[in-house]
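[1] okay, predicted coordinates and the sequence, questions at the end:
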Amino acid sequence: MSKLPVVIFGNGTFSDLAWYCLTHDSDFQVIGFTVDRAFLSAEVHEGLPVVAFEDLPRYHPPDKVRLLIPLGYRAINGLRRERYRAAKAQGYEFISYVSSRASIWPDLRVGENCMIYEHAIIQPFACIGDNVIVRSGAHISHHCSVADHAFVAAGVTLGGNVTVGEQAFVGLGAVVRDGLVLAERSLIGAGAVVLANTEADGVYVGNPAQKTGRSAREATER
Ligand SMILES: CC(C)(COP(=O)(O)OP(=O)(O)OC[C@H]1O[C@@H](n2cnc3c(N)ncnc32)[C@H](O)[C@@H]1OP(=O)(O)O)[C@@H](O)C(=O)NCCC(=O)NCCS
């Protein structure tokens, strides 16, 4: 059976990682990359053609390929959300990648344009929205809900029934007590221990996690 052709957005480290995982651990065939014209520095990347995102429909029409947009958490996941929405408005459909080494259950609901990396554990009754990244070794307990455009970094532990709001970011190794709600666009710093619900756009660090003075957008601008 021929593999489904996929174009990956980006030419940075996250896109390279996605390309590597799809190449070695999926039934998809990566046939090229696309980047914003302003970032088009080479016509070939990882041996595959790169085209400007603005020209994508001309080279790879929406009925011929699927897309994967594995961007990071810049602008509190806003950049990934915007490119995802722009491509969707042009009629593109998306794949999702779930590592064969992730620990999941048969009824897991995962949306489109998601990346679930190796050794992530996603327990029964948890669900993952669209355009979500779950990095390696994250533990997402039963009945958790991870909303669209969120990012769960490596080694995070979410207790049962946690809600991760839209565009929220949970940093490396953070722990979130069961039943909490992380508001939309809240940013949990690496290693934080979150013991109370968070507010939209807030940045939280430490144990117990405390809100800092910065906004999540400011902290993720670069
Ligand atoms: C929370 C975070 C976004 C803060 O970034 P920032 O706003 O640029 O903050 P700064 O680095 O300027 O640090 C500001 C202060 O917060 C402290 N701080 C920053 N991150 C912290 C963290 N995770 N835990 C505890 N304190 C932290 C700094 O020590 C500094 O303290 P000081 O003012 O007493 O010197 C960032 O440190 C972080 O944890 N990012 C997540 C990284 C990650 O998980 N990456 C995943 C890659 S896939």
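    The structure has been received and is ready for your questions.
[2] which residues in this structure form helices?
    For the chain, helices defined by DSSP state H occupy the ranges 13-24, 56-59, 74-89, 216-219.
[3] need the ones you listed in JSON lines with mean neighbour count and mean pLDDT, can you?
    For glycine as for every other residue, the C-beta is placed from the backbone atoms N, C-alpha and C. Shown next, in JSON lines, are the helices of the chain (neighbours: other Cβ atoms under 10 Å; pLDDT from 0 to 100):
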{"stretch": "helix 13-24", "mean neighbour count": "17", "mean pLDDT": "97"}
{"stretch": "helix 56-59", "mean neighbour count": "15", "mean pLDDT": "98"}
{"stretch": "helix 74-89", "mean neighbour count": "19", "mean pLDDT": "98"}
{"stretch": "helix 216-219", "mean neighbour count": "18", "mean pLDDT": "97"}
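[4] can you redo these as JSON lines with distance to residue 65?
    As requested, the helices of the chain are exported to JSON lines (distance: least, Cβ to Cβ, whole Å):
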{"stretch": "helix 13-24", "distance to residue 65": "13"}
{"stretch": "helix 56-59", "distance to residue 65": "9"}
{"stretch": "helix 74-89", "distance to residue 65": "11"}
{"stretch": "helix 216-219", "distance to residue 65": "32"}
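[5] regarding the chain, what is its longest strand?
    Scanning the chain for the longest strand, with DSSP state E as the assignment, gives strand 28-35.
[6] and the contacts of that strand?
    2-11, 15, 19, 22-23, 45-46, 48-53, 56, 59-60, 65-67, 95, 97 (Cβ atoms under 8 Å, 6 or more residues apart in numbering).
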